[in-house]
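all I have is the shape, not the residue letters:
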């Protein structure tokens, strides 16, 4: 099996695009066709092999840890980890930026253990300096819980800097690596942590039925009697496995057999790096396809707003004509319309859009203005850097000219056209279904887009759904944020869904 692609489902079923359960290989399904006795020597050997293979994924430093599989879903394992390793008089700083961080905070309430919730919303990562500040302000905090990859938003959180801040303050780090382990490195030689949890049905690509806790042996030994629960006591499960090789209670035998096969396929593919690379390629294909349909990514626009939110009011950015050319090319590749191809607007916020990057740097040197060359500008994992360092030089070579000023000029022409069409579209009442239905479709789309734009404009798919409502094809459609557009007596209304 290679890292190039996941083979099509052999039984003809559709791909599952959920984080887990997910589409599994045929070999994984086949492994569940045999029955196993939970006390048999063969099954004990399977459990030992599975624990060994999981620890091997840690790399250097794995000898300090042990693996404890636990029956149930990933949330069972999170509760087991918190209930076993956080003392009853302990206090946890829960870092949340999505549903699973909030669920962990709720778990702490059910456990009756103290907590502090640092909630960053659904699109911002918790940063190391924030963790350091909270820990300095609250000496009662004993542990920090971080979500490695927040499943609900897709944010890969900065675990390394969170770890550094946690241990610099003399605290301990617990990690929910449910949607990361197996595809994103989590190496104790590089990132310090006490324990983490993950699940059989995520990046290893097994089937649901159990998760696992990987924890320092010293922590496991010291946690006897700490758990709030009989069934979710990680120490008791570990001690029993060490003594007898058995799970304490009925194990999901078929799921374990499938998971071992999934681990073998994971290794054959190339391990953590290859699995992560395949997922990155899948993401790129999916994002490109969805953008081609008119959808927009959640995090990019929110991240841009977050960057601007920390800057002084009325600040001017240093975007140049080269940045404008890159923006046009990026938006063209994403299938953007006129607004996207117009790029950035020349105004007080972007005062030097007509200057080239080389001219800007030269002026800075002449006037002894210090500027920083961001090292991430050389990282090819970012689309803009690929456009800057690969695509535009190739276009220059093919056309035998410098295309940046041409593209920047085109962006300005696109902007003028877009502004003119918007002014015409504003004369069209977007709540008049009949008027929208008979108007030129380009103007109807613009009128709907202007009407629905609050903080962020709607994507093209949403605009098309509203057009179908105006034409009478359907009576209502969703437009996001728990809202819908509904037609009644030839009028369109935005309603909250109940």
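That came through, no problem. Keep in mind that this is a model prediction, so the values were computed, not measured.

in three-state terms, label the closest residue to residue 174 other than its chain neighbours for me.
In space, not counting the residues next to it along the chain, residue 174 is nearest to residue 145; the distance is 4.9 Å by Cβ to Cβ, 6 or more residues apart in numbering. C-beta coordinates here come from the backbone N, C-alpha and C atoms, glycine included. Secondary structure state of residue 145, per DSSP: H, G, I helix; E, B strand; the rest coil, is strand.

who touches residue 145 in this structure?
Taking Cβ atoms under 8 Å, 6 or more residues apart in numbering as the criterion, residue 145 is in contact with 82, 92, 93, 94, 95, 101, 104, 173, 174, 175, 176.

what's the helix or strand containing the third one packed up against?
I take that to be residue 93. Per DSSP states H and E, residue 93 falls inside strand 91-96. For strand 91-96, the helices and strands in contact under the criterion 3 or more Cβ pairs under 8 Å, 6 or more residues apart in numbering; DSSP states H and E are helix 99-111, strand 114-119, helix 128-137, strand 143-147.

any idea which of the ones you listed is most buried?
strand 143-147 (a mean of 27; mean count of other Cβ atoms under 10 Å).

okay, the angle between that one and strand 91-96?
Between the axis of strand 143-147 and that of strand 91-96 there is an angle of 20 degrees, by axes from the mean of the first three to the mean of the last three Cα atoms, to 10 degrees.

strand 143-147 pairs with which strands, and in what direction?
Strand 143-147 pairs in its sheet with strand 91-96 (parallel), strand 172-176 (parallel), by DSSP bridges.

following the chain onward from it, which element is next?
Sequence order places strand 149-150 as the next helix or strand after strand 143-147, per DSSP H and E.

how is this protein divided into domains?
Split into domains by automatic domain parsing, the chain comes to 26-275, 293-424, 426-496.

how far does the last one stretch from start to finish?
With Cα to Cα, to the nearest Å applied, domain 426-496 spans 24 Å between its terminal residues.

now it: average pLDDT?
Averaged across domain 426-496, pLDDT comes to 89.

how distant is that domain from the center of its chain?
A distance of 30 Å separates the centroid of the chain from that of domain 426-496, by Cα atoms, centre = their mean, to the nearest Å.

pLDDT score for the nearest residue to residue 386 once chain neighbours are set aside?
Counting by Cβ to Cβ, 6+ apart, residue 380 is the residue found nearest to residue 386 once chain neighbours are left out, at 5.7 Å. pLDDT, the model's per-residue confidence, is 83 for residue 380.

how about the secondary structure of residue 380?
Secondary structure for residue 380, judged by three-state DSSP, is coil.

now the angle between helix 99-111 and the strand holding residue 93, please.
150 degrees.

so strand 91-96 versus strand 114-119, what angle?
On the basis of the same axes, to 10 degrees, strand 91-96 is oriented at 20 degrees to strand 114-119.

give me the residues contacting strand 91-96.
Residues outside strand 91-96 that contact it (Cβ under 8 Å, 6+ apart) are 82, 86, 101-102, 104-105, 108, 113-120, 126, 131, 134-135, 138, 140-147, 157, 162, 171, 174.

at 6 Å what do you get?
Under the criterion Cβ atoms under 6 Å, 6 or more residues apart in numbering, residues 86, 102, 104-105, 108, 114-119, 126, 134, 140-146 lie in contact with strand 91-96.

show me where the stretch 251-400 of the chain has strands.
Per DSSP state E, counting those that start in this stretch, the stretch 251-400 of the chain has no strands. Nothing in it meets that criterion.

any idea how far residue 38 is from the residue positioned nearest the centre of the chain?
With distances taken as Cα atoms, centre = their mean, the chain has residue 154 as the residue nearest its mean C-alpha position (1.6 Å). For residue 154, the distance to residue 38 equals 37 Å [Cβ to Cβ, to the nearest Å].

mind putting the contacts of residue 145 in a markdown table, distance to residue 474 and pLDDT included?
A markdown table is the format used below for the contacts of residue 145 (distance: Cβ to Cβ, whole Å; pLDDT from 0 to 100):
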| residue | distance to residue 474 | pLDDT |
| --- | --- | --- |
| 82 | 46 | 98 |
| 92 | 48 | 98 |
| 93 | 48 | 97 |
| 94 | 42 | 97 |
| 95 | 42 | 97 |
| 101 | 37 | 93 |
| 104 | 40 | 96 |
| 173 | 50 | 98 |
| 174 | 48 | 98 |
| 175 | 45 | 98 |
| 176 | 41 | 97 |
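
scan those residues and report the most crowded one.
In terms of neighbours by other Cβ atoms under 10 Å, these top out with residue 176 at 31 neighbours.

dig out what that one forms beta bridges with.
Taking DSSP bridges as the rule, residue 176 bridges to residue 147, residue 197.

if I pick it, what's in contact with it?
By Cβ under 6 Å, 6+ apart, residue 176 lies in contact with 78, 147, 197.

please identify which of these is nearest to residue 439.
Set against residue 439, the nearest of the contacts of residue 176 by Cβ to Cβ is residue 147 (47.0 Å).

if I look at the closest one, how far off is residue 103?
Look at residue 147 and residue 103: by Cβ to Cβ, they are 10 Å apart.

confidence-wise, which helix or strand of the chain is lowest on average?
Per-element confidence for the chain was summarised using mean pLDDT, DSSP states H and E. The lowest value among helices and strands belongs to helix 298-309, with a mean of 66.

neighbours of residue 434, how many?
13.

what's the end-to-end length of stretch 484-492?
Its start and end residues considered, stretch 484-492 measures 10 Å (Cα to Cα).

also stretch 116-132?
From its first residue to its last, stretch 116-132 covers 14 Å (Cα to Cα).

just the residues contacting it, thanks.
Contacts of stretch 116-132 from elsewhere in the structure, counted by Cβ under 6 Å, 6+ apart, are 93-98, 105, 153, 155, 157-158, 161-162, 164-165, 299, 302, 306.

which of those residues count as buried?
Under a neighbour-count criterion of 16 or more other Cβ atoms under 10 Å, the subset of the contacts of stretch 116-132 counted as buried comprises 93-98, 105, 153, 155, 157-158, 161-162, 164-165, 302.

find the pair from these with maximum spatial separation.
Pairwise distances across the buried ones among the contacts of stretch 116-132 (Cβ to Cβ) peak at 25.5 Å, for the pair 164 and 302.

fine by me, thanks again.
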